[in-house]
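A.B. asks: I'd like to go over a predicted model; first the sequence, then the structure.
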Amino acid sequence: MQTPAQLVGFVMTHLQTNSNNKPETLCERAEQHSQRVALTTESGSTSYDELITLSSIVAKQLLSILNTEDLSESRIAYLVPSGLDHVLIQWGIWKAGGVAIPLAVSHPPAELSHTLEDSDPSLVIVNSLYREKIQEATNGDLLVIDSSELVDGRFKLDPNTPELPSVNLERRAMMIYTSGTTGRPKGAVVTHSILVAQITSLVEAWGWEKDDQILLVLPLHHIHGIVNVLCCALWTGASCHILPNFDPVDTWNRLSKGNLTLFMAVPTIYILLIKTWESAEPNIRSRWSEGASALRLMVSGSAALPKTALERWEAITGQILLERYGMTEIGMALSNPLHGERRPGYVGTPLPRVNVRRVDENGEELGPSTQEGELEITGPNVFLEYWRNPKMTEDSFRDGWFRTGDMATIDKGNYRLLGRTSVDIIKTGGFKVSALEIEEVFRQHQLVTDCAVVGIPDEDWGELVAVAIIEESSGEIEPNDMITWAKQYLASYKTPRAFRFVTKLPRNAMGKVQKEQVKLLFLDSSET
Ligand code: AMP
């Protein structure tokens, strides 16, 4: 068996096949960045040259294990913590011509089992930490290998293994399972060219540069961490500092180290960071605040950013968070500006090369009216298909536009999200009500820490507006007082009639509230 060093030599002399293909895939483009630092992880720093060489070894190993010269879009799933191995495996799959399926380390076996059954991969790569979980999820039905053995080049290579295949941009590259906030998770497939379109739109809009350094604390099974953070950094020749998972104190310390320029996270993470800052000693607080204030950009997305969090973050760090909107199927679509006013509660204007329109219930395009409409998207950033689900793919497009299921209004070209048609738009007493709007109001109340608004079936109202509240301290809120208070800010028909008090809200791995589960809190009785 060859040692890793021998393998590096072999790969370096044999793998120069793609460099003249223009335009490039993400992996091809990395060759321009040679000695720059691509990643900083628990394993130390990795240059672009090392990333290229080591991921080529992974690619060779994969071809050898599957006994082929080209993975030809075979699907390879991997359950590996964020870090160097994760990226080497992602790139190794791409270089060998396969489709990468990142699995969520936080998912229980039952959920992994659904993803594996649906995606039907040729191989599953697993870190030893999750071996048991995968065994439970696969029932021994799939070929499973150990991630560190793969990355260390420990599988036997056929000495005649040919060069790596040439991977053109139209090949399928990745399948991300949607977070399943509505229905069972579906595999959204993107090609290399779609991936590049999603990356380059953000690189342009947010002014990514080679000297940028970004901290990655988001999970690597979701578009936010994969595309917006990791892939944008690697496309640009910037450095990505990867933490194995999110830890608020660790994150604050890294943010205040002085070398970072960018940070991107979901609202839940910003809220946890705020709480951690508030409970820290004054001298630590000022070090953290000063450090975070030096970054050039901080971005929030994947769920609505509460105005209270936006304002508190600005008070603590001086940073006005840039809020953007996107989804697994389309990459990012709307963003507040890098320079210029970032309007609280708004998600900005269309990103470069992304076309956005709003339609009414009949699919008629709405002009710049204030009327609410469903967002539809076209552009090179839109995904190819739902895996093995042509019917669902077809149904999710209207005349070539992807139907997002998100409702929005527009004001002076700026979009404001009202929520998802399926769960956040409540039809009560003949009115349409946005759950996000009501949540925003309730979060302003001093006794409310957080809340989630849902519609529950009701004979009189069609749907009744209901709110689950986390109280600042338990037992202090009187529902009737809340109704009176809320009526100062909300039309009577928008004011919640049913209340539940909880200690936490059901959330998925990305911190998004699972509205279907919130509804269940109300379905056992109709107490208000
Ligand atoms: P995912 O595919 O997991 O990224 O989820 C996409 C969904 O997250 C969108 O369809 C929206 O409903 C929601 N979303 C993304 N960004 C925002 C945002 N800035 N504000 C409110 N909702 C958002």
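C.D. replies: Here it is on my side, so go on.
A.B. asks: Now do the strands in the stretch 151-300 of the chain.
C.D. replies: Taking DSSP state E, counting those that start in this stretch, the strands of the stretch 151-300 of the chain run over residues 172-177, 187-191, 213-216, 239-242, 262-265, 297-300.
A.B. asks: For the longest one, what is the distance to the chain centroid?
C.D. replies: Read that as strand 172-177. Relative to the chain's own centre, strand 172-177 is displaced by 13 Å; criterion: CA atoms, centre = their mean, to the nearest Å.
A.B. asks: tilt between that strand and strand 187-191?
C.D. replies: Per axes from the mean of the first three to the mean of the last three CA atoms, to 10 degrees, the angle that strand 172-177 makes with strand 187-191 is 160 degrees.
A.B. asks: interface residues of the stretch 301-450 of the chain facing the ligand?
C.D. replies: With the criterion set to CB under 6 Å from any ligand atom, the stretch 301-450 of the chain comes near the ligand through 301-304, 323, 325-328, 347, 404, 406, 417, 420. Using the backbone N, CA and C atoms, a C-beta is placed for each residue, glycine as well.
A.B. asks: wait, which of the strands of the stretch 151-300 of the chain is closest to Val87?
C.D. replies: Nearest of the strands of the stretch 151-300 of the chain to Val87, taken as CB to CB: strand 239-242 at 7.8 Å.
A.B. asks: helices or strands next to the closest one in the packing?
C.D. replies: With contacts taken as 3 or more CB pairs under 8 Å, 6 or more residues apart in numbering; DSSP states H and E, strand 239-242 sits against strand 37-41, helix 84-95, strand 213-216, helix 232-236.
A.B. asks: any idea which of those is most buried?
C.D. replies: Across the helices and strands packed on strand 239-242, the average number of neighbours (mean count of other CB atoms under 10 Å) peaks for helix 84-95, which reaches a mean of 25.
A.B. asks: returning to what we had before: can you tell which of the strands of the stretch 151-300 of the chain is closest to the ligand?
C.D. replies: strand 297-300 (7.0 Å; CB to the nearest ligand atom).
A.B. asks: CA atoms only for that closest one - export them in CSV, please.
C.D. replies: The C-alpha trace of strand 297-300 is given here as CSV (Å, rounded to 0.1, in the frame of the first residue of the first chain):
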residue,chain,number,x,y,z
LEU,A,297,-19.7,42.5,7.6
MET,A,298,-22.0,40.4,9.6
VAL,A,299,-24.9,38.6,7.9
SER,A,300,-28.1,37.0,9.3
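A.B. asks: after it, next one along is what?
C.D. replies: Note on strand 297-300: by DSSP states H and E, the next helix or strand toward the C-terminus is helix 307-317.
A.B. asks: Using a markdown table, please lay out the strands of the stretch 151-300 of the chain together with distance to Arg36 and mean pLDDT.
C.D. replies: Output for the strands of the stretch 151-300 of the chain, formatted as a markdown table (distance: least, CB to CB, whole Å; pLDDT from 0 to 100):
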| stretch | distance to Arg36 | mean pLDDT |
| --- | --- | --- |
| strand 172-177 | 23 | 97 |
| strand 187-191 | 26 | 97 |
| strand 213-216 | 11 | 98 |
| strand 239-242 | 7 | 98 |
| strand 262-265 | 16 | 98 |
| strand 297-300 | 20 | 98 |
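A.B. asks: Number of residues surrounding the closest residue in space to Val249 that isn't next to it in sequence?
C.D. replies: Leaving aside its sequence neighbours, Val249 sits nearest to Thr276 (CB to CB, 6 or more residues apart in numbering; 6.2 Å). Thr276 has 17 neighbours, counted by other CB atoms under 10 Å.
A.B. asks: Run a quick check on Thr276 versus Phe246, I expect a contact.
C.D. replies: No - if you go by CB atoms under 8 Å, Thr276 and Phe246 don't touch, sitting 11.1 Å apart.
A.B. asks: picking up where we left off before, could the strands of the stretch 151-300 of the chain go into CSV alongside distance to His107?
C.D. replies: Output for those, formatted as CSV (distance: least, CB to CB, whole Å):
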stretch, distance to His107
strand 172-177, 9
strand 187-191, 14
strand 213-216, 19
strand 239-242, 20
strand 262-265, 20
strand 297-300, 24
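A.B. asks: looking at those, which is closest to Asp49?
C.D. replies: Closest among the strands of the stretch 151-300 of the chain, once you apply CB to CB, is strand 239-242, at 14.0 Å.
A.B. asks: Buried residues in stretch 258-275, which are they?
C.D. replies: Buried residues in stretch 258-275, counted by 16 or more other CB atoms under 10 Å: 260-274.
A.B. asks: can you tell me which two in the residues of the stretch 301-450 of the chain next to the ligand are farthest apart?
C.D. replies: By the measure CB to CB, Glu323 and Thr328 form the most distant pair in those, at 18.0 Å.
A.B. asks: if we can go back for a sec, quick one, which of the buried residues of stretch 258-275 has the minimum pLDDT?
C.D. replies: Across these, the bottom pLDDT score, 86, is held by Thr268.
A.B. asks: I'd say it and Gly511 touch.
C.D. replies: Yes - the pair Thr268 / Gly511 is scored as a contact, 3.1 Å apart, by CB under 8 Å.
A.B. asks: Helices of the stretch 351-500 of the chain, residue ranges please.
C.D. replies: Counting by DSSP state H, counting those that start in this stretch, the stretch 351-500 of the chain has helices at residues 390-395, 435-442, 479-486.
A.B. asks: Please identify the deepest-packed of these.
C.D. replies: Mean neighbours per residue, mean count of other CB under 10 Å, is largest over these for helix 435-442, with a mean of 22.
A.B. asks: tell me the angle it makes with helix 307-317.
C.D. replies: Per the same axes, to 10 degrees, the angle that helix 435-442 makes with helix 307-317 is 60 degrees.
A.B. asks: helices or strands up against helix 435-442?
C.D. replies: Applying 3+ CB pairs under 8 Å, 6+ apart, one finds that helix 435-442 contacts strand 414-420, strand 448-458, strand 462-471, helix 479-486.
A.B. asks: Include distance to Glu376 and mean pLDDT when you put the ones you listed into a markdown table, please.
C.D. replies: Formatted as a markdown table, the helices and strands packed on helix 435-442 follow (distance: least, CB to CB, whole Å; pLDDT from 0 to 100):
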| stretch | distance to Glu376 | mean pLDDT |
| --- | --- | --- |
| strand 414-420 | 12 | 93 |
| strand 448-458 | 23 | 94 |
| strand 462-471 | 25 | 94 |
| helix 479-486 | 33 | 94 |
